[in-house]
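A.B. asks: the sequence and its predicted three-dimensional model are supplied below.
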Amino acid sequence: MNTLLPTATAGSLPKPSWLAQPEKLWSPWKLEGDELIEGKQDALTLALAEQLQAGIDIISDGEQTRQHFVTTFIEHLSGVDFEKRKTVKIRDRYDASVPSVVDAVARPKPVFVEDAKYLRKQTKNPIKWALPGPMTMIDTLYDGHYQSREKLAWEFAKILNQEAKELEAAGVDIIQFDEPAFNVFFDEVNDWGIATLERAIEGLKCQTAVHICYGYGIQANIDWKKSLGSRWSQYEKIFPKIQTSNIDLVSLECQNSHVPMDLIELIRGKKVMVGAIDVASNKVETPEEVADTLRKVLQFVDADKLLPCTNCGMAPLSRNVARGKLQALSAGAAIVRAELGG
Ligand SMILES: [Zn+2]
């Protein structure tokens with residue numbers, strides 16, 4: 001990527017209404033069987049077209065081929081029983097009914113590789129594919145087999161590495177691991193969370209990213225954010241370890257966020273996907289607002305390592321709002337690029 005300040009999105013994009021109910025997180029598919037396969041591919045094509053039209057440089061899969069960013073991946077693994085459900089606390093925050101690990105986990109066949117090949121064929125732009133991170137995966141399950149969060153995380157890391165290597169071979173340029181759990185279990189992140197993530201990227205030659213975040217705008221997250229005060233310094237506890245890791249890029253939120261920007265100094269040297277678009281609001285940012293966030297961040301990130309991005313996924317937004325936000329991101333990045341002489 002030669003462009004200065006290449007734009008990207010952190011994760012999901014709204015799905016078309018014929019595929020799944022819009023403006024709703026994790027809404028079920030409206031199609032089945034071969035129609036669903038075709039529908040997902042059409043949605044990928046649409047998501048690509050909308051990103052290109054908005055001037056986004058690094059094309060994301062927009063999570064068009066998955067219902068949930070963690071569960072859909074786990075559904076394809078053996079050793080997990082989706083009938084045997086238990087209620088657990090997700091990220092120490094809210095109760096959810098989750099499947100159980102009942103046996104050794106394995107990946108009998110590739111999960112997203114065919115989808116990635118399909119997207120790869122349609123664009124010359126760099127493409128980014130998202131997978132759940134090991135720690136976030138174990139946090140979304142009841143473990144009745146390994147009886148150890150760490151052990152299960154290492155097993156998932158091995159499986160993720162298999163999938164990542166095949167995604168790389170399919171032509172994916174950046175593989176991103178979503179780790180919202182990194183923002184909660186600080187001791188575990190430092191003890192083994194980052195180590196398992198490094199196991200997941202072992203041997204990869206493509207770029208790798210980790211997305212850490214304060215979550216979508218669901219009520220449990222909104223309540224949690226209210227409890228955090230005005231200075232969200234959680235990243236302080238994990239950034240030093242991430243800085244020395246093998247991960248190439250870090251994706252984090254900055255727009256309308258209480259994350260103090262100076263914390264980004266702690267990962268100096270990494271490429272940073274800077275969230276300059278608030279995904280918890282329907283208000284479309286102006287290009288000038290985006291530019292303003294990017295200018296501030298430039299104090300802590302070298303220009304050649306800054307990727308203007310969204311705070312998190314945009315699945316819960318209307319397609320119209322999401323489109324507006326993508327255009328604002330692109331226009332805002334163009335302003336700062338011109339200022340930098342790029
Ligand atoms: Zn996120």
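C.D. replies: Good, I have the coordinates. Numbering: from 1, shown residues only.

A.B. asks: point me to the residue of the stretch 51-200 of the chain nearest the ion.
C.D. replies: Closest to the ion within the stretch 51-200 of the chain is Pro180: 5.8 Å, counting by CB to the ion. In short, each C-beta sits where N, CA and C put it, glycine included.

A.B. asks: what sits against that residue?
C.D. replies: 91, 136, 211-215 (CB atoms under 8 Å, 6 or more residues apart in numbering).

A.B. asks: quick one: pLDDT of it?
C.D. replies: Model confidence at Pro180, given as pLDDT, is 91.

A.B. asks: so what's it closest to, chain neighbours aside?
C.D. replies: Cys213 (5.1 Å; CB to CB, 6 or more residues apart in numbering).

A.B. asks: show me what from the chain comes close to the ion.
C.D. replies: Contacts of the chain with the ion, taken as CB under 5 Å from the ion, map to 213, 312.

A.B. asks: so in the chain, where's the weakest helix or strand by average pLDDT?
C.D. replies: Every helix and strand of the chain was ranked by mean pLDDT, DSSP states H and E. The lowest is helix 219-226, at a mean of 82.

A.B. asks: the host helix or strand of Ala209 pairs with which strands?
C.D. replies: Per DSSP states H and E, Ala209 falls inside strand 207-211. When pairing is defined by DSSP bridges, strand 207-211 lines up against strand 174-178 (parallel), strand 249-253 (parallel).

A.B. asks: what about the last one, average pLDDT?
C.D. replies: Which is strand 249-253. When pLDDT is averaged over strand 249-253, the result is 95.

A.B. asks: could you dump the next helix-or-strand element following it to PDB, C-alpha only?
C.D. replies: Per DSSP H and E, the first helix or strand lying C-terminal to strand 249-253 is strand 271-275. What follows is strand 271-275, C-alpha atoms only, in PDB (Å, rounded to 0.1, in the frame of the first residue of the first chain):
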ATOM      1  CA  LYS A 271       0.700   0.700  12.700                       C
ATOM      2  CA  VAL A 272      -2.500   2.100  14.200                       C
ATOM      3  CA  MET A 273      -5.900   1.800  12.700                       C
ATOM      4  CA  VAL A 274      -7.300   5.000  14.300                       C
ATOM      5  CA  GLY A 275     -11.100   5.000  14.900                       C
END
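
A.B. asks: touching strand 271-275 from outside, list them.
C.D. replies: So strand 271-275 is in contact with 8, 10, 207, 209, 211, 248-255, 257, 264, 293-294, 297, 301, 305-312, going by CB under 8 Å, 6+ apart.

A.B. asks: weed out the non-buried ones from those.
C.D. replies: 8, 10, 207, 209, 211, 248-255, 257, 264, 293-294, 297, 301, 305-312 (16 or more other CB atoms under 10 Å).

A.B. asks: what is the burial count for the residue in the stretch 151-300 of the chain positioned nearest to the ion?
C.D. replies: Closest residue of the stretch 151-300 of the chain to the ion, CB to the ion: Cys213 (3.1 Å). Applying other CB atoms under 10 Å, we find 23 residues neighbouring Cys213.

A.B. asks: which residues touch it?
C.D. replies: Cys213 touches 10, 178, 180, 183, 251-253, 311-312, counting by CB under 8 Å, 6+ apart.

A.B. asks: now Thr65: phi and psi?
C.D. replies: phi -100, psi 10 (degrees, to the nearest 10).

A.B. asks: so, low pLDDT: which residues of this structure?
C.D. replies: Applying pLDDT under 70 to the chain flags residues 1-2, 216-217, 342.

A.B. asks: now do the strands in it.
C.D. replies: 59-60, 78-90, 94-106, 127-132, 142-143, 174-178, 207-211, 249-253, 271-275, 306-309 (DSSP state E).

A.B. asks: using CSV, write out every CA atom in the fourth one.
C.D. replies: Looking back up the chat, that one is strand 127-132. C-alpha atoms of strand 127-132 as CSV (Å, rounded to 0.1, in the frame of the first residue of the first chain):
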residue,chain,number,x,y,z
ILE,A,127,-8.3,-7.0,1.6
LYS,A,128,-8.6,-7.5,5.3
TRP,A,129,-10.3,-10.5,6.9
ALA,A,130,-11.4,-10.6,10.5
LEU,A,131,-11.3,-13.7,12.9
PRO,A,132,-12.1,-13.8,16.5
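
A.B. asks: list the contacts of that strand.
C.D. replies: 8, 11, 58-61, 63, 69-70, 73-74, 112, 116, 119-120, 140, 160, 163-164, 167, 171-178, 200, 209, 211.

A.B. asks: what does the third one give?
C.D. replies: When contacts are defined by CB under 8 Å, 6+ apart, strand 94-106 is touched by residues 71, 74, 77-82, 84-90, 140-146, 152, 155-156, 159, 220.

A.B. asks: again, only this time at 7 Å
C.D. replies: For strand 94-106, contacts defined as CB atoms under 7 Å, 6 or more residues apart in numbering pick out 74, 77-82, 84-90, 140-146, 152, 155-156, 159, 220.
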